[in-house]
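>>> Here is a sequence together with a model predicted from it:
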Protein chains: 2
Amino acid sequence: MRLNLLNNFDASADWFKQLQLEICTTIEQIDGPMQEHTAPTRPGWEQSHRTIYGSVFEKGTVNYSKVTGEFDPKFAKEIPGTEKDSSYQATGISVVLHPSNPKVPAMHFNTRYLSTGIEWYGGGMDYTPCLPFDKESYHAELKQMCDEYDKSYYPDFSKACDEYFYLPHRKETRGIGGLFFEYCSPDTMSFDFVEAVGLKFNSLLHSTVMQNKDLDYTEEDKQIQLVKRGRYVEFNLMYDRGTKFGFKTGGNMDAILMSLPPMVKWN
Amino acid sequence: MRLNLLNNFDASADWFKQLQLEICTTIEQIDGPMQEHTAPTRPGWEQSHRTIYGSVFEKGTVNYSKVTGEFDPKFAKEIPGTEKDSSYQATGISVVLHPSNPKVPAMHFNTRYLSTGIEWYGGGMDYTPCLPFDKESYHAELKQMCDEYDKSYYPDFSKACDEYFYLPHRKETRGIGGLFFEYCSPDTMSFDFVEAVGLKFNSLLHSTVMQNKDLDYTEEDKQIQLVKRGRYVEFNLMYDRGTKFGFKTGGNMDAILMSLPPMVKWN
């Protein structure tokens, strides 16, 4: 249960920052120390980018940010609540993990709080395996977690995830889905749920990696992974709203594109 | 000098198809046989995709197409000459070469003819080295070729090339430029010039590759190349009009994305 001593912006930011540390701890326990990158940023902005190029995680990144600004007038038209005023507050955490072993899926998680003339939570998580993976158990865990808050969450958010992580030019989904939610007002969505998504990702990340990281794989499996990662790049550069949001708000380019896989192949 | 027995569409297509064969011959003399890919296409469409995964050319593709159709109404608004009628005829040749040796630049060439309510030629060529390269000699050859047709071509088209192959999110050009032209009416631009660009590319391709393909390079040079290729991917997926045109007109996805490099790295 969150305290209401702080406004939603500061309270969300504090929690996202704490979650960043917890997820980094999980990663470090599995694969050794992460690096902190500091980049030139703007006054009043707070950004922390942690990365790992390890043996289990070929590339992993855990980003936290707390920023304020004004949207470019043209871009503002795409954002709710900007009719009278194009200023915004945004804070979020974003995690992308590209494991070395092709039997471990690529994993993505993000939650965010945005405030314009209105305020909302958004986020979700999704897995992108390149080889057969136990989709059912993964979705069962997500459903169980969602059902504790609202029975409509799992059906709605898992459907939204499949729709969002879709490559129209390939007519295929990016991965096996998960959860995706956006424009959820603090009046109707408890921050407890946003927290639960983050904590569930942290525990799933640990169990998924530990169960699969030492499985044998072939050179052919690795090649399949490199090609599958190409679809990941196509999605992130062509469709991802987070990437677009970062570009439009002048965020740090290396941090925004940190989601891209390390080695990729197009056949 | 072209014969006017055929209309511009058929005559351009015939010549592009012949140029495809000539460029493929150059590539095959250097690096062995190319493969022809046939893909499901539409009635009245003619497309030929030739590729090489060789030792000199890590990945190379030479595409020819001759297609007709109707633009999607929304997309038509971006295309000149579609005010009364959204039908089009288009033919073109497109070449992308990603050499193995990082001392050989990635090379791109394209010329096309489009007809809507108006008709025009477009195209150009550009080099993307990842290590120091003799930019001056390359541009001098392009200037000499252009100057035989119109003294304004080289300054205009090389400037347009730098402007087109620019990554705003990186604030950098994709490569060292070359030529880029668009919306050039057959009333003012001779097809002889379009032919000259194609023939110049074929000769430059040969000399550039032969002069550099056996140069020694280090593992660090190779890593620089893989990272530089990431910028190539970013440009093609985020900004390239040809990629967008292919998507919007329902072209063959594998052929459209054949321009992407084989192995790529994001740090």
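Everything's here; your move.

>>> hey, what's the residue in the stretch 1-150 of chain A that chain B sits nearest to bridged with?
The minimum distance from the stretch 1-150 of chain A to chain B, using CB to the nearest CB, falls at residue A:59 (7.7 Å). Placement of C-beta: from N, CA and C, glycine included. Under DSSP bridges, the beta-bridge partners of residue A:59 are residue A:98.

>>> right, and it touches residue A:259 too?
No - contact criterion CB atoms under 8 Å: residue A:59 and residue A:259 do not qualify, at 9.4 Å.

>>> What segments of the stretch 101-250 of chain A are strands?
Here the stretch 101-250 of chain A has its strands, by DSSP state E, counting those that start in this stretch, at A:106-115, A:119-128, A:166-167, A:172-173, A:178-184.

>>> that older thread, between residue A:59 and residue A:259, which has more neighbouring residues?
Each of residue A:59 and residue A:259 has its neighbours counted (other CB atoms under 10 Å in any protein chain shown); residue A:259 has more, 27 against 23.

>>> How about the residues of chain A by chain B?
Taking CB under 8 Å from any CB of the partner chain as the measure of proximity, chain A contacts chain B at A:59, A:169-170, A:226, A:230, A:233-234, A:237-238, A:247, A:253, A:257, A:260-267.

>>> Give me the buried subset of these.
Buried members of those, scored by 16 or more other CB atoms under 10 Å in any protein chain shown, are A:59, A:169, A:226, A:230, A:233-234, A:237-238, A:247, A:253, A:257, A:260-266.

>>> Can you convert the strands of the stretch 101-250 of chain A into a markdown table and add a column each for mean pLDDT and mean neighbour count?
Below are those laid out as a markdown table (pLDDT from 0 to 100; neighbours: other CB atoms under 10 Å in any protein chain shown):
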| stretch | mean pLDDT | mean neighbour count |
| --- | --- | --- |
| strand A:106-115 | 96 | 23 |
| strand A:119-128 | 97 | 23 |
| strand A:166-167 | 94 | 16 |
| strand A:172-173 | 94 | 15 |
| strand A:178-184 | 97 | 20 |
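
>>> How about the contacts made by residue A:173?
For residue A:173, the contacting residues are A:162, A:165-167, by CB atoms under 8 Å, 6 or more residues apart in numbering or on different chains.

>>> go on, residue A:158?
For residue A:158, the contact set (CB under 8 Å, 6+ apart) comprises A:139, A:142-143, A:177-180.

>>> for those, which one is nearest residue B:67?
The nearest member of those to residue B:67, counting by CB to CB, is residue A:177 at 35.4 Å.

>>> still on that earlier bit, any chance of the strands of the stretch 101-250 of chain A in TSV, with distance to residue A:64 too?
Formatted as TSV, the strands of the stretch 101-250 of chain A follow (distance: least, CB to CB, whole Å):
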stretch	distance to residue A:64
strand A:106-115	11
strand A:119-128	13
strand A:166-167	28
strand A:172-173	28
strand A:178-184	19
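
>>> now the stretch 1-150 of chain A, which segments are flagged as low pLDDT?
Flagging of the stretch 1-150 of chain A using pLDDT under 70 yields the residue ranges A:1-5, A:39-40.

>>> Okay, helices next: where are they in the stretch 151-267 of chain A?
Under the criterion DSSP state H, counting those that start in this stretch, the stretch 151-267 of chain A carries helices at the ranges A:153-164, A:191-212, A:219-238, A:241-248, A:253-256.

>>> how far off helix A:191-212 does the first one point, in degrees?
So that's helix A:153-164. 70 degrees (axes from the mean of the first three to the mean of the last three CA atoms, to 10 degrees).

>>> mind listing what's buried in helix A:153-164?
Within helix A:153-164, the residues that count as buried by 16+ other CB under 10 Å are A:153-154, A:157-158, A:160-162, A:164.

>>> circling back: and of the helices of the stretch 151-267 of chain A, who's closest to residue B:134?
Among the helices of the stretch 151-267 of chain A, helix A:253-256 sits nearest to residue B:134 (CB to CB), with 29.7 Å.

>>> So residue A:47 lies in a helix, does it not?
No - using DSSP: H, G, I helix; E, B strand; the rest coil, the secondary structure at residue A:47 is strand, not a helix.

>>> Now do the contacts for it.
By CB under 8 Å, 6+ apart, the residues touching residue A:47 are A:39, A:41, A:63-67, A:251-252, A:255.

>>> Out of the residues you listed, which end up buried?
A:63-67, A:251-252, A:255.

>>> out of those residues, which are inside strands?
Among the buried ones among the contacts of residue A:47, the members found in strands (DSSP state E) are A:63-67.

>>> Serialize those residues to CSV and add fields for distance to residue B:35.
Listed next are these as CSV, based on distance: CB to CB, whole Å:
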residue, distance to residue B:35
A:63, 42
A:64, 48
A:65, 46
A:66, 52
A:67, 49
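
>>> Kindly indicate which of these lies nearest residue B:108.
Of these, the one sitting nearest to residue B:108 (CB to CB) turns out to be residue A:63, at 33.4 Å.

>>> Pretty sure residue A:147 is one of the things residue A:157 touches, is it not?
No - assessed by CB under 8 Å, residue A:157 is found out of contact with residue A:147, at 11.5 Å.

>>> Beta-bridge partners for the nearest residue to residue A:255 once chain neighbours are set aside, please?
Once flanking residues are discounted, residue A:255 sits nearest to residue A:49: 4.8 Å by CB to CB, 6 or more residues apart in numbering or on different chains. Judged by DSSP bridges, the bridge partners of residue A:49 are residue A:37, residue A:63.

>>> what about residue A:49, distance to residue A:246?
Residue A:49 is 12 Å from residue A:246, where distance means CB to CB, to the nearest Å.

>>> Now do the same contact list for residue A:146.
A:153-154, A:157, A:179, A:193.

>>> hmm, which two among those are most spread apart?
So, the contacts of residue A:146 by CB to CB: farthest apart are A:154 and A:193, at 11.5 Å.

>>> Buried residues of the helix ranked longest in chain A, list them for me.
Secondary structure of chain A read by DSSP state H shows that its longest helix is helix A:8-31. The neighbour-count check on helix A:8-31 (16+ other CB under 10 Å) flags A:8-9, A:11-13, A:15-17, A:19-20, A:23-24, A:26-27, A:30-31 as buried.

>>> from these, which two are the most distant?
Largest pairwise distance in the buried residues of helix A:8-31, by CB to CB, is 33.9 Å, between A:8 and A:31.

>>> Give me the outermost residue of chain A relative to its centroid.
Computed with CA atoms, centre = their mean, the maximum C-alpha offset from the centroid of chain A is found at residue A:84, amounting to 29.8 Å.

>>> Contacts only, for the residue in the stretch 101-250 of chain A positioned nearest to chain B.
Relative to chain B, the nearest point of the stretch 101-250 of chain A is residue A:237 (4.2 Å; CB to the nearest CB). By CB under 8 Å, 6+ apart, the residues touching residue A:237 are A:243, A:260, B:233-234, B:237-238.
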